[in-house]
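**Student:** Predicted coordinates and the sequence they were generated for:
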Number of protein chains: 2
Amino acid sequence: MQLEQALTILKDEGYKYTEKREDILNFFNKEDGYRTASDLLNYLSKKYSGISYDTIYRNLHLFHDLNILETTELGGEKHFRLSCGHDEHHHHFICKSCGKTKAIESCPMNHIRQNFDGYYIENHKFEVYGLCPSCL
Amino acid sequence: MQLEQALTILKDEGYKYTEKREDILNFFNKEDGYRTASDLLNYLSKKYSGISYDTIYRNLHLFHDLNILETTELGGEKHFRLSCGHDEHHHHFICKSCGKTKAIESCPMNHIRQNFDGYYIENHKFEVYGLCPSCL
DNA sequence: TTACAAATCGTAATGATTACGATATGATGA
DNA sequence: TCATCATATCGTAATCATTACGATTTGTAA
């Protein structure tokens, strides 16, 4: 996802443009992988010494609600990354060292032979973990 | 997994037999689904009024290390269930309401067309979430 | 420029988990 | 059976991520 695109979404939805929000988006754009709230806090603290948890978490949740950020849970901590912007549903390989991802195009739900008659299927999670070439 | 089998593992590995440990195993046997540490704490508190967090978490981790319990992370909280005892690698449907599971025999790793040359693949997670027939 | 809703700050509360010294208790051998 | 000792448990505090909220600041639109 492009940064302009994200800022346009914010504007269109009636949210204010703030420098912090731009910095948050720049952070995720630069980092290009899954990052935690405290990663973001550390980054923003350099520029804004007294930044509040409220600002961090409120904006992370907002960006997630607006589909600007994707989220997953790794090791008990929520992680965020810029939405891939793929139109098609997909999954990710995630590097345990640097958090960077690689898209997996095929979805396991297409290969399930199990019978789920009588069940309501809401969603699913498929993630592959390991080390990317640069971290190896 | 049978309870006797679990108690045998404990004994063989040189751990002590205690009533609390038996109660913990009975709890997971009875519940038959993913449960949290606080579910277990609530259960054990009925019988042991002053039970310690230390006891809960130490035993959950021990049982997990001994492959007596399987674990997954749901909604930011670790959940535990008795190991299925399936010899074959498999995955689970998990009911969001009652925590009960249904095995999924096929593994998505067998259907991936992606090229992971240069990557080290360590593990993966595939879980399907929804509601089971009794909870619908 | 003003007014107001939205955004942020500062800080405390919450909830899950971990930590640890003190005490109690299974298991083993005499 | 009893003594011993390592293991298990207790009681409680600390830690870490996250949420909450009243007070203050700041974009934005009129």
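**Tutor:** Looks like it came in fine.
**Student:** tell me the contacts of residue A:10?
**Tutor:** A:16, A:17, A:21, A:66, A:68 (CB atoms under 8 Å, 6 or more residues apart in numbering or on different chains). The C-beta positions use only the backbone N, C-alpha and C, and glycine is treated the same way.
**Student:** So which of these wins on neighbours?
**Tutor:** Across the contacts of residue A:10, neighbour numbers were computed from other CB atoms under 10 Å in any protein chain shown; residue A:68 holds the maximum, 25 neighbours.
**Student:** circling back: can you redo the contacts of residue A:10 as JSON lines with distance to residue B:114, pLDDT and secondary structure?
**Tutor:** Below are those laid out as JSON lines (distance: CB to CB, whole Å; pLDDT from 0 to 100; DSSP: H, G, I helix; E, B strand; the rest coil):
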{"residue": "A:16", "distance to residue B:114": "40", "pLDDT": "94", "secondary structure": "coil"}
{"residue": "A:17", "distance to residue B:114": "38", "pLDDT": "93", "secondary structure": "coil"}
{"residue": "A:21", "distance to residue B:114": "34", "pLDDT": "96", "secondary structure": "helix"}
{"residue": "A:66", "distance to residue B:114": "29", "pLDDT": "94", "secondary structure": "coil"}
{"residue": "A:68", "distance to residue B:114": "26", "pLDDT": "94", "secondary structure": "coil"}
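**Student:** just those that are near DNA strand D?
**Tutor:** A:16, A:17 (CB under 7 Å from any atom of the strand).
**Student:** could the contacts of residue A:10 go into JSON lines alongside distance to chain B?
**Tutor:** Formatted as JSON lines, the contacts of residue A:10 follow (distance: CB to the nearest CB, whole Å):
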{"residue": "A:16", "distance to chain B": "29"}
{"residue": "A:17", "distance to chain B": "31"}
{"residue": "A:21", "distance to chain B": "25"}
{"residue": "A:66", "distance to chain B": "21"}
{"residue": "A:68", "distance to chain B": "21"}
